[in-house]
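[1] 3D, please:
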Amino acid sequence: MIKAIIRPEKEYEVISALEKEGFYSLSKVDILGRGKQKGIQVGEIVYDELAKLMLMVVVEDNAVEQAIASIKKSAYTGNYGDGKIFVVPVEEAYTIRTGNPGL
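    Alright, predicted model coming up:
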């Protein structure tokens, strides 16, 4: 499973890029968080947590690098806060409707 935390304004771009590569299935969650920069300061106001979007995409092992490359390219702005990508193993998956195992 690839968990990508991205800027919310990059949502359409990242999802479109994944679809072009054949990765259609995903889940997304609006989240709040901060990275190493500990938020952002605008004038006197400090924002400890910033709005982000987490995309979760489960792909076959042989497609992980392709999906990551697509996310990195489409989410990139070159500024702090572009996001983070995490890869975690998925031991099993089942389709609820059929009960069948597999992606």
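[2] other SSEs contacting the helix or strand of the chain with the lowest mean pLDDT?
    Across the helices and strands of the chain, mean pLDDT, DSSP states H and E gives its lowest value to strand 40-42, namely a mean of 83. In this structure, strand 40-42 makes packing contacts with strand 45-47, judged by 3 or more CB pairs under 8 Å, 6 or more residues apart in numbering; DSSP states H and E. Heads up, the C-betas are built off the backbone N, CA and C, glycines and all.
[3] Paired strands for the strand it packs on, with orientation please.
    Here strand 45-47 is paired, per DSSP bridges, with strand 40-42 (antiparallel).
[4] in the longest helix seen in the chain, what's buried?
    Among the elements of the chain assigned as helix by DSSP state H, the one spanning the most residues is helix 64-75. By neighbour count, and taking 16 or more other CB atoms under 10 Å as the criterion, the buried residues in helix 64-75 are 67-68, 70-71, 74-75.
[5] In contact with the closest residue to Ile68 other than its chain neighbours, which residues are there?
    Nearest residue to Ile68 in three dimensions, chain neighbours excluded: Ile85, at 5.9 Å (CB to CB, 6 or more residues apart in numbering). Contacts of Ile85 were listed using CB atoms under 8 Å, 6 or more residues apart in numbering, and they are 2-5, 68, 71-72.
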